[in-house]
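> Sequence first, predicted coordinates after that:
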Amino acid sequence: QLYAKLMSKPLGKVSTDIDQHVVIPEELAPGQSCRIEYRGSGWTATNVGDHALAAGDTVRIDSIEGVTLRVRALRARHH
């Protein structure tokens, strides 16, 4: 019952999560995904940037698709 109620809520609020910062628990190469906790729920984080992300990095939410957070580095690293 509760699940149906949550699923029927409009997703308009999700846009407030764009540009929020989250910490990823494991290294993510471009295009790779991992499970993360965000706002008390389990999500999939996918690295949509051009640079690998290190475990423990703080990343920016670029967009959200369903329960997938599309994330990228806060700023490009120069090697």
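Structure's in. What do you need? Numbers count the residues shown, from 1 in each chain.
> wait, what's in contact with the closest residue to Gln32 other than its chain neighbours?
In this structure, Gln32 finds its nearest non-sequential neighbour in Asn47, 5.6 Å apart by Cβ to Cβ, 6 or more residues apart in numbering. All C-beta atoms are positioned from the backbone trio N, CA, C, and that covers glycine. With contacts defined as Cβ atoms under 8 Å, 6 or more residues apart in numbering, Asn47 is in contact with Leu28, Ala29, Pro30, Gly31, Gln32, Ser33, Leu53, Val59, Val71, Arg72.
> which residue is nearest the centroid of the chain?
With distances taken as Cα atoms, centre = their mean, Leu69 lies nearest the centre of the chain, 2.9 Å away.
> any idea of the mean pLDDT for stretch 50-68?
On average, the pLDDT along stretch 50-68 is 95.
> buried sites along it?
Buried residues in stretch 50-68, counted by 16 or more other Cβ atoms under 10 Å: His51, Leu53, Asp57, Val59, Arg60, Ile61, Ile64.
> just stretch 34-50 next, same as before
Judged by neighbour count (16+ other Cβ under 10 Å), stretch 34-50 contains these buried residues: Cys34, Ile36, Tyr38, Trp43, Ala45, Thr46, Asn47, Gly49.
> all strands for the protein, in order.
Taking DSSP state E, the strands of the chain run over residues 21-23, 33-38, 41-47, 58-65, 68-73.
> remind me which residues of this structure are low pLDDT?
1-15, 76-79 (pLDDT under 70).
> Quickly note the distance from the residue nearest to the centre of the chain to Ile18.
To Ile18, Leu69 is 10 Å away according to Cβ to Cβ, to the nearest Å.
> Which neighbours do the two have in common?
Shared contacts of Leu69 and Ile18 (Cβ under 8 Å, 6+ apart): Ile61.
> What residues are bridge-paired with Tyr38?
Beta bridges link Tyr38 to Ser41, judged by DSSP bridges.
> Look up how far Asp57 lies from it.
Distance, Tyr38 to Asp57, using Cβ to Cβ: 15 Å.
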